[in-house]
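Engineer: sequence plus predicted model, see below.
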There are 2 protein chains.
Amino acid sequence: MAKITKLNHVAIAVNDVDGSLGFWRDAMGLAVDHIEDVPSQKAVVAFIPVGDSEVELVKPTSEDTGVAKFLAERGGGMHHLCFEVDDIDAMLVQLKEKGVRLINETPQVLPGRKMAFVHPKSTGGVLVELYQLTTEA
Amino acid sequence: MAKITKLNHVAIAVNDVDGSLGFWRDAMGLAVDHIEDVPSQKAVVAFIPVGDSEVELVKPTSEDTGVAKFLAERGGGMHHLCFEVDDIDAMLVQLKEKGVRLINETPQVLPGRKMAFVHPKSTGGVLVELYQLTTEA
């Protein structure tokens, strides 16, 4: 059975990365690891390590993304949870066998990771992302 | 300066703890540490460790709680993020100095922890809880 090993990050949709850092960095005192344009997500992301996990502030750079739609509908807030798994292919099979609805039936392969999203209809309203970290980063 | 040390938990509002475990435990394969009635939160909570953090499934036992209102408005989903801090009193002073709106101006003292909520108006839509773990558990 594939195993979830940790919470990789909590993604927070924001309209303004700099403005959001007024809370997360300047008021809460968290250190920003880096801010990066992530074309595969069509977003600028601020990576903020917290203990063994991360807060990611995600500002869309295109209006056709899920995060952009989320922002338009709800304003900012928690967008998804990302869990690391030791074997994402096995996990997707396991989820399908349990009747869980997947957004990605097969993992997307990106530098350093394989990823897939699970549909919130099957999770009680939580958009769940799965990561398997890979060595070909 | 007070320091955030880790993400203690992600709280997920659920209408049905057993039903939700169909995803988190049975499909994702996560182990439930315990399920507990928490009168201070007017909720039944399933505690699910994930790495160094936790997923908490929160089912309200009273209709007058924030989680119950959230469920009525949105159905289930991510409700709040809880961060551990080494000195919650100093953190609340620090947040107020930065103009952050607090739900609890002073910490609530519970067995094993002091806690306070930060208003989502000041965080970009994320309900943030702060915990300082204490030894008098």
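Structural biologist: Received the coordinates, thanks.

Engineer: so does stretch A:106-120 get close to chain B?
Structural biologist: Yes - with C-beta under 8 Å from any C-beta of the partner chain as the criterion, chain B is reached by stretch A:106-120 at residue A:120. Any C-beta I mention is one placed from the backbone N, CA and C, and that applies to glycine too.

Engineer: quick one: end-to-end distance for that stretch.
Structural biologist: End-to-end distance for stretch A:106-120, by C-alpha to C-alpha, to the nearest Å: 17 Å.

Engineer: only the buried residues of it, if you could.
Structural biologist: Of the residues in stretch A:106-120, A:107, A:113-118, A:120 count as buried by neighbour count, 16 or more other C-beta atoms under 10 Å in any protein chain shown.

Engineer: try stretch A:30-37
Structural biologist: Neighbour counts over stretch A:30-37 (16+ other C-beta under 10 Å) mark residue A:30 as buried.

Engineer: roughly how far is it from the heart of the chain?
Structural biologist: Remark: stretch A:30-37 is offset 15 Å from the chain centroid, using C-alpha atoms, centre = their mean, to the nearest Å.

Engineer: stretch A:99-108 too?
Structural biologist: Stretch A:99-108 sits 15 Å away from the centroid of its parent chain (C-alpha atoms, centre = their mean).

Engineer: what residues of it count as buried?
Structural biologist: Applying 16+ other C-beta under 10 Å to stretch A:99-108 flags A:100, A:102, A:104, A:107 as buried.

Engineer: residues in contact with the worst-scoring helix or strand of chain A on mean pLDDT?
Structural biologist: Within chain A, no helix or strand scores below strand A:108-110, which has a mean of 93 by mean pLDDT, DSSP states H and E. If you take C-beta atoms under 8 Å, 6 or more residues apart in numbering or on different chains as the criterion, strand A:108-110 is touched by A:40, A:114-116.

Engineer: noted, bye for now.
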